[in-house]
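# have a look at this fold, sequence not included:
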(Lines give C-alpha, C1' and ligand atoms only; values in the text may rest on other atoms or scores of the structure.)
Protein backbone atom coordinates (compact mmCIF):
# COMPACT_ATOMS: atom_id res chain seq x y z
CA UNK A 1 0.00 0.00 0.00
CA UNK A 2 1.35 3.40 -0.94
CA UNK A 3 1.76 5.82 1.97
CA UNK A 4 -0.65 8.78 1.99
CA UNK A 5 0.51 12.11 0.63
CA UNK A 6 1.89 14.40 3.34
CA UNK A 7 0.01 17.62 2.61
CA UNK A 8 -1.76 18.55 5.85
CA UNK A 9 -0.74 21.10 8.44
CA UNK A 10 -1.17 20.42 12.15
CA UNK A 11 -1.31 23.32 14.61
CA UNK A 12 -0.76 22.46 18.27
CA UNK A 13 -2.16 25.14 20.56
CA UNK A 14 -4.40 26.14 23.42
CA UNK A 15 -8.13 26.48 22.85
CA UNK A 16 -8.05 30.29 22.70
CA UNK A 17 -5.38 31.83 20.50
CA UNK A 18 -6.42 34.56 18.02
CA UNK A 19 -3.10 34.15 16.21
CA UNK A 20 -3.96 30.52 15.45
CA UNK A 21 -7.51 31.49 14.47
CA UNK A 22 -6.13 33.89 11.87
CA UNK A 23 -3.75 31.26 10.51
CA UNK A 24 -6.53 28.69 10.15
CA UNK A 25 -8.68 31.14 8.24
CA UNK A 26 -5.81 31.97 5.90
CA UNK A 27 -4.77 28.37 5.25
CA UNK A 28 -8.31 27.16 4.69
CA UNK A 29 -8.92 30.11 2.37
CA UNK A 30 -5.98 28.86 0.32
CA UNK A 31 -7.49 25.38 0.18
CA UNK A 32 -4.92 23.87 2.54
CA UNK A 33 -6.04 21.07 4.84
CA UNK A 34 -5.15 22.11 8.39
CA UNK A 35 -6.19 20.89 11.81
CA UNK A 36 -5.92 22.42 15.25
CA UNK A 37 -5.07 20.09 18.11
CA UNK A 38 -5.71 21.49 21.57
CA UNK A 39 -2.89 19.75 23.38
CA UNK A 40 -4.50 20.44 26.76
CA UNK A 41 -7.19 17.91 25.83
CA UNK A 42 -4.65 15.08 25.91
CA UNK A 43 -5.06 12.46 27.25
CA UNK A 44 -8.65 12.79 28.49
CA UNK A 45 -10.27 14.09 25.29
CA UNK A 46 -7.90 12.97 22.55
CA UNK A 47 -6.06 9.78 21.71
CA UNK A 48 -2.68 8.93 20.21
CA UNK A 49 -2.10 5.63 18.41
CA UNK A 50 1.44 4.89 17.22
CA UNK A 51 2.74 1.60 15.83
CA UNK A 52 6.04 0.56 14.29
CA UNK A 53 7.24 -2.58 12.54
CA UNK A 54 10.86 -1.62 12.98
CA UNK A 55 10.99 0.19 9.64
CA UNK A 56 8.76 3.19 10.18
CA UNK A 57 5.77 4.44 12.10
CA UNK A 58 2.09 4.53 11.35
CA UNK A 59 -0.20 6.47 13.59
CA UNK A 60 -3.40 8.34 14.22
CA UNK A 61 -4.41 11.31 16.31
CA UNK A 62 -8.06 11.33 17.32
CA UNK A 63 -10.10 14.12 18.90
CA UNK A 64 -13.84 14.47 19.45
CA UNK A 65 -14.09 16.23 16.07
CA UNK A 66 -11.64 14.47 13.76
CA UNK A 67 -9.14 11.67 13.24
CA UNK A 68 -5.98 12.13 11.19
CA UNK A 69 -3.50 9.69 9.70
CA UNK A 70 -0.26 11.20 11.01
CA UNK A 71 1.59 10.23 7.84
CA UNK A 72 -0.51 12.87 6.05
CA UNK A 73 1.07 15.69 8.05
CA UNK A 74 3.67 17.81 6.29
CA UNK A 75 4.23 20.65 8.76
CA UNK A 76 3.54 21.34 12.42
CA UNK A 77 3.22 24.76 14.01
CA UNK A 78 3.79 24.36 17.74
CA UNK A 79 2.16 27.32 19.49
CA UNK A 80 1.69 25.73 22.91
CA UNK A 81 3.00 22.42 24.18
CA UNK A 82 1.61 22.01 27.72
CA UNK A 83 -0.69 18.98 28.09
CA UNK A 84 -3.45 18.65 30.65
CA UNK A 85 -2.66 17.85 34.24
CA UNK A 86 -3.75 14.34 35.32
CA UNK A 87 -6.98 14.43 37.28
CA UNK A 88 -9.11 11.91 39.05
CA UNK A 89 -8.66 9.78 42.13
CA UNK A 90 -4.87 9.65 42.01
CA UNK A 91 -2.43 9.97 44.84
CA UNK A 92 0.35 12.53 44.58
CA UNK A 93 2.80 9.82 43.49
CA UNK A 94 0.33 8.47 40.93
CA UNK A 95 -0.18 11.97 39.53
CA UNK A 96 3.58 12.39 39.21
CA UNK A 97 3.79 9.09 37.35
CA UNK A 98 0.85 9.97 35.08
CA UNK A 99 2.37 13.37 34.30
CA UNK A 100 5.64 11.73 33.25
CA UNK A 101 3.84 9.17 31.10
CA UNK A 102 1.78 11.87 29.35
CA UNK A 103 4.89 13.86 28.47
CA UNK A 104 6.72 10.74 27.33
CA UNK A 105 3.82 9.75 25.06
CA UNK A 106 3.89 13.22 23.50
CA UNK A 107 7.65 12.95 23.01
CA UNK A 108 7.13 9.65 21.19
CA UNK A 109 4.59 11.34 18.92
CA UNK A 110 6.85 14.30 18.23
CA UNK A 111 9.77 12.06 17.22
CA UNK A 112 7.92 9.42 15.23
CA UNK A 113 7.55 11.30 11.93
CA UNK A 114 9.74 13.49 9.76
CA UNK A 115 7.58 16.59 9.93
CA UNK A 116 8.68 20.15 9.30
CA UNK A 117 8.41 21.94 12.63
CA UNK A 118 7.97 25.57 13.66
CA UNK A 119 9.60 24.86 16.08
CA UNK A 120 10.35 21.32 17.27
CA UNK A 121 9.76 21.08 21.05
CA UNK A 122 13.28 19.75 21.67
CA UNK A 123 14.86 22.70 19.88
CA UNK A 124 12.44 25.08 21.57
CA UNK A 125 13.36 23.77 25.02
CA UNK A 126 17.08 24.27 24.39
CA UNK A 127 16.55 27.63 22.69
CA UNK A 128 14.61 28.99 25.67
CA UNK A 129 17.77 28.98 27.79
CA UNK A 130 18.55 32.63 28.49
CA UNK A 131 22.17 31.78 29.29
CA UNK A 132 22.66 30.00 25.97
CA UNK A 133 21.00 32.85 24.09
CA UNK A 134 23.39 35.41 25.54
CA UNK A 135 26.41 33.23 24.78
CA UNK A 136 25.43 32.71 21.14
CA UNK A 137 24.50 36.38 20.66
CA UNK A 138 27.89 37.48 21.99
CA UNK A 139 29.69 34.95 19.79
CA UNK A 140 27.88 36.38 16.76
CA UNK A 141 29.05 39.89 17.58
CA UNK A 142 25.99 41.35 19.28
CA UNK A 143 26.50 43.63 22.21
CA UNK A 144 24.77 42.10 25.22
CA UNK A 145 24.15 43.74 28.60
CA UNK A 146 26.56 42.96 31.41
CA UNK A 147 24.75 40.08 33.08
CA UNK A 148 24.78 38.22 36.38
CA UNK A 149 22.81 35.00 36.91
CA UNK A 150 22.80 34.09 40.58
CA UNK A 151 21.05 33.22 43.82
CA UNK A 152 23.77 34.98 45.85
CA UNK A 153 22.45 38.20 47.39
CA UNK A 154 25.93 39.47 48.28
CA UNK A 155 27.05 39.11 44.66
CA UNK A 156 24.00 41.06 43.47
CA UNK A 157 24.88 43.89 45.83
CA UNK A 158 28.41 43.91 44.44
CA UNK A 159 27.04 43.90 40.87
CA UNK A 160 24.79 46.83 41.81
CA UNK A 161 27.83 48.78 42.95
CA UNK A 162 29.89 47.84 39.88
CA UNK A 163 27.15 49.28 37.64
CA UNK A 164 26.67 52.48 39.62
CA UNK A 165 23.29 51.33 40.87
CA UNK A 166 21.86 50.97 37.37
CA UNK A 167 20.79 47.34 37.09
CA UNK A 168 17.54 45.50 36.40
CA UNK A 169 16.11 42.17 37.49
CA UNK A 170 14.16 39.85 35.22
CA UNK A 171 12.93 36.27 35.64
CA UNK A 172 14.05 33.36 33.49
CA UNK A 173 10.48 32.50 32.54
CA UNK A 174 7.09 34.13 32.19
CA UNK A 175 6.41 36.49 35.04
CA UNK A 176 2.65 35.87 35.10
CA UNK A 177 1.18 34.35 38.26
CA UNK A 178 -1.93 32.38 37.33
CA UNK A 179 -5.08 33.27 39.25
CA UNK A 180 -3.70 36.63 40.40
CA UNK A 181 -3.07 40.06 38.93
CA UNK A 182 0.64 39.80 39.72
CA UNK A 183 3.06 40.20 36.83
CA UNK A 184 6.84 40.31 37.01
CA UNK A 185 8.43 42.30 34.19
CA UNK A 186 11.94 43.69 33.84
CA UNK A 187 12.38 45.83 36.96
CA UNK A 188 15.12 48.28 38.00
CA UNK A 189 16.62 47.58 41.42
CA UNK A 190 16.91 50.33 44.01
CA UNK A 191 18.93 50.62 47.19
CA UNK A 192 15.81 49.65 49.13
CA UNK A 193 15.50 46.45 47.08
CA UNK A 194 18.96 45.35 48.17
CA UNK A 195 17.62 44.80 51.70
CA UNK A 196 15.12 42.20 50.44
CA UNK A 197 17.39 40.10 48.25
CA UNK A 198 17.58 37.05 50.48
CA UNK A 199 14.55 35.62 48.68
CA UNK A 200 16.68 34.97 45.62
CA UNK A 201 18.21 32.01 47.49
CA UNK A 202 14.91 30.32 46.60
CA UNK A 203 14.37 31.87 43.16
CA UNK A 204 17.62 32.60 41.29
CA UNK A 205 17.31 35.39 38.78
CA UNK A 206 18.90 37.36 35.98
CA UNK A 207 20.47 40.73 36.79
CA UNK A 208 21.67 43.02 34.01
CA UNK A 209 23.00 46.49 33.49
CA UNK A 210 20.19 48.90 32.72
CA UNK A 211 20.90 49.78 29.09
CA UNK A 212 19.68 53.20 27.95
CA UNK A 213 16.98 53.00 25.29
CA UNK A 214 16.00 55.16 22.39
CA UNK A 215 13.47 52.54 21.27
CA UNK A 216 12.90 48.84 21.72
CA UNK A 217 12.78 46.46 18.77
CA UNK A 218 10.85 43.25 18.20
CA UNK A 219 12.59 41.26 15.48
CA UNK A 220 10.32 38.56 14.05
CA UNK A 221 12.31 36.05 12.02
CA UNK A 222 10.26 33.67 9.86
CA UNK A 223 12.53 31.33 7.96
CA UNK A 224 14.92 33.62 6.08
CA UNK A 225 12.68 36.69 6.30
CA UNK A 226 13.31 39.31 8.99
CA UNK A 227 10.66 41.78 10.13
CA UNK A 228 11.95 44.50 12.47
CA UNK A 229 9.44 46.59 14.40
CA UNK A 230 10.11 49.69 16.47
CA UNK A 231 8.28 49.88 19.81
CA UNK A 232 8.43 53.41 21.17
CA UNK A 233 8.39 52.36 24.80
CA UNK A 234 10.10 55.49 26.15
CA UNK A 235 7.09 57.67 25.39
CA UNK A 236 5.20 56.38 28.45
CA UNK A 237 6.37 56.00 32.03
CA UNK A 238 4.82 52.56 32.52
CA UNK A 239 6.68 51.05 29.53
CA UNK A 240 10.13 52.60 29.91
CA UNK A 241 11.62 49.59 31.70
CA UNK A 242 9.68 46.97 29.73
CA UNK A 243 7.36 47.71 26.83
CA UNK A 244 4.94 45.06 28.12
CA UNK A 245 4.13 47.40 31.01
CA UNK A 246 1.79 49.36 28.75
CA UNK A 247 -1.01 48.35 26.42
CA UNK A 248 0.31 47.77 22.90
CA UNK A 249 -2.38 50.09 21.51
CA UNK A 250 -0.89 52.93 23.55
CA UNK A 251 2.59 52.61 22.00
CA UNK A 252 3.72 53.65 18.56
CA UNK A 253 4.86 50.70 16.43
CA UNK A 254 6.40 51.04 13.00
CA UNK A 255 8.66 49.02 10.67
CA UNK A 256 12.40 49.49 11.19
CA UNK A 257 15.22 49.04 8.70
CA UNK A 258 17.99 47.01 10.29
CA UNK A 259 21.61 47.36 9.19
CA UNK A 260 22.56 44.39 7.01
CA UNK A 261 25.03 43.12 9.60
CA UNK A 262 22.42 43.08 12.39
CA UNK A 263 19.92 41.30 10.14
CA UNK A 264 22.56 38.73 9.24
CA UNK A 265 23.29 38.09 12.92
CA UNK A 266 19.59 37.56 13.61
CA UNK A 267 19.43 34.90 10.90
CA UNK A 268 22.62 33.27 12.13
CA UNK A 269 21.25 33.21 15.66
CA UNK A 270 18.26 31.10 14.61
CA UNK A 271 20.45 28.85 12.47
CA UNK A 272 22.72 28.15 15.44
CA UNK A 273 19.70 27.02 17.45
CA UNK A 274 18.06 25.08 14.61
CA UNK A 275 14.94 27.25 14.66
CA UNK A 276 12.61 28.18 11.80
CA UNK A 277 10.99 31.00 13.79
CA UNK A 278 12.03 33.41 16.51
CA UNK A 279 10.79 36.59 18.18
CA UNK A 280 13.83 38.55 19.31
CA UNK A 281 13.96 41.59 21.60
CA UNK A 282 16.67 44.19 21.03
CA UNK A 283 17.35 47.70 22.29
CA UNK A 284 18.48 50.56 20.09
CA UNK A 285 20.46 52.93 22.30
CA UNK A 286 20.49 56.74 21.91
CA UNK A 287 23.99 56.29 20.43
CA UNK A 288 22.61 54.01 17.69
CA UNK A 289 23.94 50.70 19.06
CA UNK A 290 21.88 47.52 18.82
CA UNK A 291 21.82 45.47 22.05
CA UNK A 292 20.53 41.89 22.16
CA UNK A 293 18.22 41.00 25.06
CA UNK A 294 16.56 37.65 24.33
CA UNK A 295 14.70 35.44 21.88
CA UNK A 296 11.35 33.71 22.29
CA UNK A 297 11.05 30.66 19.97
CA UNK A 298 7.24 30.65 20.33
CA UNK A 299 6.71 34.39 20.69
CA UNK A 300 3.55 36.26 19.67
CA UNK A 301 3.41 38.30 16.49
CA UNK A 302 -0.31 38.94 15.94
CA UNK A 303 -0.35 42.42 17.47
CA UNK A 304 2.62 43.50 15.35
CA UNK A 305 0.78 42.57 12.18
CA UNK A 306 -2.22 44.62 13.34
CA UNK A 307 -0.08 47.63 14.24
CA UNK A 308 2.22 47.64 11.20
CA UNK A 309 0.42 45.76 8.42
CA UNK A 310 3.47 43.54 7.87
CA UNK A 311 2.50 40.16 6.29
CA UNK A 312 3.67 37.93 9.15
CA UNK A 313 0.84 35.38 9.01
CA UNK A 314 1.12 35.03 5.24
CA UNK A 315 4.89 34.58 5.44
CA UNK A 316 4.58 31.84 8.05
CA UNK A 317 1.73 30.22 6.10
CA UNK A 318 3.91 29.98 2.97
CA UNK A 319 6.64 28.25 4.97
CA UNK A 320 4.22 25.77 6.53
CA UNK A 321 2.75 24.98 3.12
CA UNK A 322 6.21 24.46 1.62
CA UNK A 323 7.29 22.29 4.54
CA UNK A 324 10.73 23.89 4.67
CA UNK A 325 12.56 27.06 5.61
CA UNK A 326 12.01 29.76 2.98
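In hand now; what should we look at? Predicted model, so just to flag it, every value in this text is computed and none were measured.

# hey, where'd the helices end up in the stretch 101-250 of the chain?
121-127, 130-139, 153-162 (DSSP state H, counting those that start in this stretch).

# would you mark the buried spots in the first one?
Neighbour counts over helix 121-127 (16 or more other CB atoms under 10 Å) mark 121, 123, 124, 127 as buried. The way it works is simple: take the backbone N, C-alpha and C, and place the C-beta from them, glycine included.

# residues in contact with the nearest residue to residue 208 once chain neighbours are set aside?
Excluding the flanking residues, the one nearest residue 208 by CB to CB, 6 or more residues apart in numbering is residue 145, at 4.1 Å. Taking CB atoms under 8 Å, 6 or more residues apart in numbering as the criterion, residue 145 is in contact with 208, 209, 211, 291, 293.

# what do you get for residue 198?
residue 153.

# check residue 279 too.
Counting by CB under 8 Å, 6+ apart, residue 279 touches 218, 219, 220, 221, 295, 296, 297, 298, 299, 300, 301.

# which SS class is it?
strand (DSSP: H, G, I helix; E, B strand; the rest coil).

# let me know the pLDDT of it.
As predicted, residue 279 sits at a pLDDT of 97.

# that one and residue 285, how far apart?
21 Å (CB to CB, to the nearest Å).

# what does residue 213 give?
From residue 213 to residue 285 the distance is 7 Å (CB to CB).

# now do residue 32
43 Å.

# neighbour count: those two, which is higher?
Between residue 32 and residue 285, counting by other CB atoms under 10 Å, residue 32 is the more crowded of the two (17 against 14).

# if I pick the more buried one, what's in contact with it?
Per CB under 8 Å, 6+ apart, neighbours of residue 32: 7, 9, 317, 321.

# surely the last one is in a strand?
Read that as residue 321. No: going by three-state DSSP, the assignment for residue 321 is helix, not a strand.

# start the count at 472 instead of 1 going forward.
Understood, numbering begins at 472; the last thing we discussed is residue 792.

# spatially nearest residue to it (excluding sequence neighbours)?
Nearest to residue 792 is residue 503, by CB to CB, 6+ apart, at 5.9 Å.

# name the element the one you found belongs to?
Assessed by DSSP states H and E, residue 503 sits outside every helix and strand.

# that one and residue 475: what is the separation?
With CB to CB as the criterion, residue 503 and residue 475 are 16 Å apart.

# what do you get for residue 500?
With CB to CB as the criterion, residue 500 and residue 475 are 24 Å apart.

# okay, the two: which has more neighbours?
residue 475 (12 against 9).

# residues touching the residue lying closest to that one once chain neighbours are set aside, list them.
Counting by CB to CB, 6+ apart, residue 475 lies nearest to residue 543, which is 4.7 Å off, once chain neighbours are set aside. By CB under 8 Å, 6+ apart, the residues touching residue 543 are 475, 476, 477, 478, 479.

# tell me the pLDDT at residue 543?
96.

# kindly report the domain assignment for the protein.
479-589, 597-602+606-613+683-793, 617-680 (automatic domain parsing).

# just those domains: most buried one?
Sort the domains of the chain by mean neighbour count, taking mean count of other CB atoms under 10 Å, and domain 597-602+606-613+683-793 sits at the top with a mean of 18.

# what's the offset of that domain from the middle of its chain?
12 Å (CA atoms, centre = their mean, to the nearest Å).

# from start to finish, how long is that domain in a straight line?
25 Å (CA to CA, to the nearest Å).

# before we move on, what about stretch 586-596?
End-to-end distance for stretch 586-596, by CA to CA: 18 Å.

# can you pull out the residues in contact with it?
Everything outside stretch 586-596 that qualifies as a contact, by CB under 8 Å, 6+ apart, is 481, 544-549, 552, 578, 581, 598, 744-748, 768-769, 787, 790-791, 794-795.

# one more time with 10 Å
477, 480-483, 541, 544-550, 552, 574, 577-578, 581-582, 597-598, 693-694, 741, 744-749, 767-769, 787, 790-791, 793-796 (CB atoms under 10 Å, 6 or more residues apart in numbering).

# among these, which are located in strands?
Counting by DSSP state E, the contacts of stretch 586-596 place 480-483, 544-549, 693, 748-749, 767 in strands.

# any idea which of these is the one closest to residue 726?
residue 693 (14.6 Å; CB to CB).

# ok, now which ones touch the closest residue to the closest one other than its chain neighbours?
Nearest non-adjacent residue to residue 693, counting by CB to CB, 6+ apart: residue 786, 4.7 Å away. Residue 786 makes contact with 691, 693, 694, 696, 698, 748, 772, 776, 797 under the criterion CB under 10 Å, 6+ apart.
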